[in-house]
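**Student:** Next come a sequence and a model predicted from it.
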Amino acid sequence: MRHTPITLVITLISSFALAEQRHASSHVHGLNHATVVLDRNSLQISYEFPTEQLSEHEHDEHKHGDERHELAQKLEAIESVFAIVSLPENAQCKEIEVTHSLTQVVGSDIKLEGHRDALIQAILECRAPENLTNLSFEPAFERFDDLEKIEVEGVMETEALSVTLTSSSSSLEL
């Protein structure tokens with residue numbers, strides 16, 4: 001990849017570190033997390049959610065012996081971050097890189113052993129970043145039946161953002 005701005009690198013590294021260290025007490029069904037960073041024409045979006053949302057109405061993670069492989073396949077079937085978030089077309093954003101990962105939730109509660117989170121990270125190049133006037137997470141609410149809230153945090157150039165979205169208020173004005 002070309003020269004990645006330092007803020008994107010730091011955000012990418014910190015999100016992986018935080019994902020690896022998440023504790024079972026923060027593993028909440030129906031709550032997803034998104035991080036959005038815009039630096040010039042580079043937009044990074046990280047989207048984290050419990051893997052139970054990948055299963056169509058199956059909430060028993062302990063059913064299958066090769067469940068990790070099955071979950072990874074379901075996660076990778078979400079090929080584009082645009083399946084989770086939509087951007088204004090006139091911002092002319094295209095995906096440069098998309099990665100998928102599964103992380104184990106750490107905890108002492110025996111009932112929570114085996115719980116995992118899924119993480120989709122995308123780096124986009126936007127030809128007209130000045131037209132990024134809103135982000136809509138409506139596709140995520142349409143995709144995941146049990147999704148109740150998305151906590152969105154990030155930095156858009158020099159503006160910090162922190163907001164909680166719901167299905168009735170799924171867009172973020174920038």
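**Tutor:** Yep, it's here.
**Student:** which phi and psi does the residue at minimal distance from the centre of the chain have?
**Tutor:** In the chain, the centroid-proximal residue (C-alpha atoms, centre = their mean) is Tyr47; its distance is 0.4 Å. Per-residue torsions, Tyr47: phi -130, psi 120 (degrees, to the nearest 10).
**Student:** distance of it from Glu130?
**Tutor:** According to C-beta to C-beta, to the nearest Å, Tyr47 and Glu130 sit 24 Å apart. Backbone N, C-alpha and C define where each C-beta goes, glycine included.
**Student:** returning to what we had before: spit out the contact partners of the residue nearest to the centre of the chain.
**Tutor:** 32-34, 81, 84-85, 119-121, 140 (C-beta atoms under 8 Å, 6 or more residues apart in numbering).
**Student:** before we move on, what about Val152?
**Tutor:** 33-36, 135, 137, 161-165, 172.
**Student:** which stretches of this protein form helices?
**Tutor:** With DSSP state H as the criterion, the chain has helices at 6-21, 67-76, 138-143.
**Student:** Run through who's touching the last one.
**Tutor:** By C-beta under 8 Å, 6+ apart, the list of residues contacting helix 138-143 from outside reads 32, 47, 78, 82-86, 147, 150, 167, 170-171.
**Student:** low-scoring stretches of this structure, by residue?
**Tutor:** Flagging of the chain using pLDDT under 70 yields the residue ranges 1-28, 56-65, 107-114.
**Student:** in it, which spans are strands?
**Tutor:** Taking DSSP state E as the test, the strands found in the chain are 31-39, 42-50, 93-104, 116-126, 134-136, 149-156, 159-166, 171-173.
**Student:** Tell me which of these lies nearest to Lys74.
**Tutor:** Closest to Lys74 of the strands of the chain, according to C-beta to C-beta: strand 116-126, at 8.5 Å.
**Student:** what's that closest one packed up against?
**Tutor:** helix 6-21, strand 42-50, helix 67-76, strand 93-104 (3 or more C-beta pairs under 8 Å, 6 or more residues apart in numbering; DSSP states H and E).
**Student:** tilt between that strand and strand 93-104?
**Tutor:** Orientation check (axes from the mean of the first three to the mean of the last three C-alpha atoms, to 10 degrees): strand 116-126 against strand 93-104 gives 160 degrees.
**Student:** what angle do strand 116-126 and strand 31-39 make?
**Tutor:** Using the same axes, to 10 degrees: strand 116-126 against strand 31-39 is 30 degrees.
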